[in-house]
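# dropping a prediction and its sequence here:
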Amino acid sequence: MTSFTHVTVGTNNLAKAREFYDKTLATLGWTRFADLPGDVGSIWGDGKPSFFVLKPANGKPATVGNGVTVSFEATDRAAVKAFHEAALTMGGPDEGAVGPRGWAPHAFAAYTRDPDGNKLAVYSFTPE
């Protein structure tokens, strides 16, 4: 079985990132596990630490990866809508409206960006 232990994105404003992810990830049932010592980052997940938001270790500004998207799994279509709505209320742009995606059966998704410009998606593959 192949699996990831976690995904990390960078931030230049940890307080703003924490506020954004506390609200958006709560719609998926995720909570903040930890704030790392030295105020360098935070970790969220659903039962295990899965998503890290960190200030870059090299001290340089965080930048966005062109072509990189972090996609979260939602339990149903209502959670997709709630995540996207929460992101938009936190100032995230609409990078792909809530709705079906034709590349997989029952794919239903939305896209946005976090305060640092990292591209995010949320998907559900459950039938309507």
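Nice, I can see it.
# and the pLDDT for residue 79?
pLDDT for residue 79: 97.
# again with residue 61
We have a pLDDT of 96 for residue 61.
# so what's it up against?
Neighbouring residues of residue 61 by Cβ atoms under 8 Å, 6 or more residues apart in numbering: residue 12. C-beta coordinates here come from the backbone N, C-alpha and C atoms, glycine included.
# also residue 71?
Neighbouring residues of residue 71 by Cβ under 8 Å, 6+ apart: 109, 120-123.
# check it and give its pLDDT.
Here the pLDDT value assigned to residue 71 is 97.
# name the SS class of it, please.
Residue 71 falls in the strand class when you classify it by DSSP: H, G, I helix; E, B strand; the rest coil.
# likewise for residue 80?
Taking three-state DSSP, the label given to residue 80 is helix.
# ok, and the closest non-adjacent residue to it?
Nearest residue to residue 80 in three dimensions, chain neighbours excluded: residue 74, at 4.7 Å (Cβ to Cβ, 6 or more residues apart in numbering).
# the one you found contacts residue 98, doesn't it?
No - under the criterion of Cβ atoms under 8 Å, residue 74 makes no contact with residue 98, lying 10.6 Å away.
# how many neighbouring residues does the residue lying closest to residue 107 once chain neighbours are set aside have?
Distances taken as Cβ to Cβ, 6+ apart put residue 101 closest to residue 107, at 4.0 Å, once the chain neighbours are dropped. When neighbours are counted by other Cβ atoms under 10 Å, residue 101 registers 15.
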